[in-house]
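[1] With the sequence up front, the predicted model follows.
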Amino acid sequence: MLLARLGNHRKLFAFLYQHRLELFDDALQDELAAMYRDTGEGRLPVPPALLAMVLLLQAYHGVSDREAVELTVVDLRWQLVLGILGAETQAFGQSTLQAFRERMIAHGMDLRMLERTIELAKKTQGFDWKKLPK
């Protein structure tokens, strides 16, 4: 039911949900993970693909880091796309999202992620790629 509603009203959500495994294939996930150094210390990192997907949703909707974190808890559409449907607590904090964005930019992955999303949207015609953030 949720996916059907998204397909009619919020096509980006449906597109990202349906194509997230193609968008975040093993090679891209390896590239995202390579942005981190592995010291074995501290807490387990939040999956980079999840944070990258949040950045796509955040840019599309023009929301702040704080609001993006909150939407992962209160918005079923965000939860569906992120693969955390039913989550009752936040999957990451605001500082984690900010640090991840900085890593993405430093490694040129922000543009790579946007280009990859546009390519997939053009190929599948599942979403009007012109509506993605510039």
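    Noted; the coordinates are in hand. Everything quoted here is computed from the prediction, not taken from an experiment.
[2] Distance check, Leu32 against Leu80.
    21 Å (Cβ to Cβ, to the nearest Å). C-beta coordinates here come from the backbone N, C-alpha and C atoms, glycine included.
[3] Give me the more crowded residue out of the two.
    Leu32 (23 against 18; other Cβ atoms under 10 Å).
[4] Look up which helix or strand the residue most central in space within the chain falls in, please.
    Residue closest to the average C-alpha location in the chain (Cα atoms, centre = their mean): Met53, at 0.4 Å. Per DSSP states H and E, Met53 falls inside helix 48-61.
[5] Can you list the buried residues in that helix?
    Within helix 48-61, the residues that count as buried by 16 or more other Cβ atoms under 10 Å are 48-60.
[6] And those, which is closest to Phe13?
    Leu57 (8.0 Å; Cβ to Cβ).
[7] so how far is the longest helix along the chain from its chain's centroid?
    Ranked by residue count, the top helix of the chain under DSSP state H comes out as helix 109-124. For helix 109-124, the separation from the chain centroid amounts to 12 Å (computed by Cα atoms, centre = their mean, to the nearest Å).
[8] Put the alpha carbons of it into CSV.
    Only the C-alpha atoms of helix 109-124 are listed here, as CSV (Å, rounded to 0.1, in the frame of the first residue of the first chain):
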residue,chain,number,x,y,z
MET,A,109,31.6,10.9,-3.8
ASP,A,110,28.8,13.5,-3.5
LEU,A,111,29.0,14.2,-7.2
ARG,A,112,29.6,10.6,-8.0
MET,A,113,26.4,9.6,-6.1
LEU,A,114,24.3,12.3,-7.8
GLU,A,115,25.7,11.3,-11.3
ARG,A,116,25.0,7.7,-10.6
THR,A,117,21.4,8.4,-9.5
ILE,A,118,20.8,10.5,-12.6
GLU,A,119,22.2,7.7,-14.8
LEU,A,120,19.9,5.2,-13.2
ALA,A,121,16.9,7.5,-13.4
LYS,A,122,17.5,8.0,-17.1
LYS,A,123,18.0,4.3,-17.7
THR,A,124,15.0,3.1,-15.8
